[in-house]
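# Structure of the sequence below:
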Amino acid sequence: MDKIDKIKELFTKLGLTHPETIVYLHLLERGTSLSISDIAKDIGTFRPIVYKALGLLLERKLITITIKGKRKQYIAEHPEKIRGLLREMSIDIEETLPDLEDLYRAPKDKPIIKFLEGRNGISSVYSDIVDSLKKGDAFYRYSSSKDRARTNKYLPKDYREKRDNKNLERYVIRSKATEADVEPDFNQKTKVIPSEFDLFDQNIIQLIYGHKVAVVDLNTETSFVIENEKFADFQKKIFKLLYGKL
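Take a look at the predicted model:
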């Protein structure tokens, strides 16, 4: 992709139409004020198309009007104005995201089930935990993993940083075999399945967080996520009952 193509791609992401982009780049390249007729002739298009593009560019403050005699002419503003558009877009996104997150987290009557495959699928489950939970929230984990070191390899690079920055509490029920591998952690509380009960070594992990329940099969590197408030609440109660009995 050459330089001009990259610029056009950026303008498309900013919401500029193709005619807006062509007109602005032409004015920028010419570096002088031009009339609608001049622009239409130079870029080989019709006056109404140029007229509409100029109106939109004026709204975005990417061009200004100059007067020569009795004629209006148009000149490109400094490209620094593009930074202003990006800042405005960033502010709009930040203001809109909380509303979108509220819609996303709103209780849903029917469960949403997502099936994920491969290492990236498992990694995305852990990313979803630290991205979707709020500061101070808790999540719950059953871990029958045979190899904790291998399990850690699925964690995203920024998982622990995000988790700790949000002070997420973790409650874990794990296999006796991996008990010695657990490092002390103020925000993690662990209970162990007694060895006389079961080996608890199926290499399956279940995670309960927010309105979601995720099951990760390390044997086949597959996982699925069920998103439903009632189902997640049901699983949390079962977890807490067992946790309290251990």
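# can you list the domains in the chain?
3-82, 108-245 (automatic domain parsing).
# Of those, which is nearest residue 92?
For those, proximity to residue 92 was assessed by C-beta to C-beta; domain 3-82 is nearest, at 10.9 Å. Glycine gets a C-beta too; all of them are placed from N, C-alpha and C.
# before we move on, the earlier item: out of the domains of the chain, flag the one nearest residue 98.
Among the domains of the chain, domain 108-245 comes nearest to residue 98, with 11.3 Å by C-beta to C-beta.
# Can you give me the end-to-end span of stretch 55-63?
Length of stretch 55-63, first residue to last, C-alpha to C-alpha, to the nearest Å: 9 Å.
# Next, the buried residues of it.
56-57, 60, 62-63 (16 or more other C-beta atoms under 10 Å).
# which of the residues you listed lies closest to residue 91?
Residue 91 has its nearest neighbour among those in residue 60, at 15.1 Å by C-beta to C-beta.
# Phi, psi for the closest one please.
Residue 60 has phi and psi values of phi -80, psi 0 when expressed as degrees, to the nearest 10.
# for stretch 40-58, what is the average pLDDT?
Averaged over stretch 40-58, pLDDT sits at 91.
# Correction: the previous question concerned stretch 10-27.
pLDDT averaged over stretch 10-27 gives 88.
# likewise stretch 153-169?
Mean predicted lDDT for stretch 153-169 stands at 91.
# Which strands or helices does the longest helix seen in the chain pack on?
If you go by DSSP state H, the chain has its longest helix at helix 80-105. With contacts defined as 3 or more C-beta pairs under 8 Å, 6 or more residues apart in numbering; DSSP states H and E, helix 80-105 has no packing partner among the helices and strands.
# Return the helix or strand in this protein with minimum mean pLDDT.
Taking mean pLDDT, DSSP states H and E as the measure, the chain has helix 148-152 as its least confident helix or strand, at a mean of 77.
# And that helix, what's buried?
Within helix 148-152, the residues that count as buried by 16+ other C-beta under 10 Å are 148, 151.
# Ok, stretch 94-113 next?
For stretch 94-113, burial by neighbour count (16+ other C-beta under 10 Å) applies to residue 111.
# Make residue 1 into 233 and carry on from there
Shifting the count to begin at 233 puts that one at stretch 326-345.
# Can you list the neighbours in contact with that stretch?
Here stretch 326-345 makes contact (C-beta atoms under 8 Å, 6 or more residues apart in numbering) with 364, 442-443, 456-461, 463.
# Among the residues you listed, which are located in strands?
Among these, the ones falling in strands (DSSP state E) are 456-459.
# Quick one, which of the residues you listed are buried?
Buried members of the ones in strands among the contacts of stretch 326-345, counted by 16+ other C-beta under 10 Å: 456-459.
# And the strands in this protein?
Using DSSP E, strands in the chain cover 295-300, 303-308, 344-349, 370-375, 401-406, 420-424, 436-441, 444-449, 454-459.
# Pairing partners for the fourth one, with directions?
It refers to strand 370-375. Partners of strand 370-375 in the sheet, by DSSP bridges, are strand 401-406 (parallel), strand 436-441 (antiparallel).
# low-scoring stretches of the chain, by residue?
Residues of the chain that meet the criterion pLDDT under 70 lie in 233, 336-340, 409-418, 430-431.
# ok so, going back, from the contacts of stretch 326-345, pick the one nearest residue 372.
residue 442 (10.9 Å).
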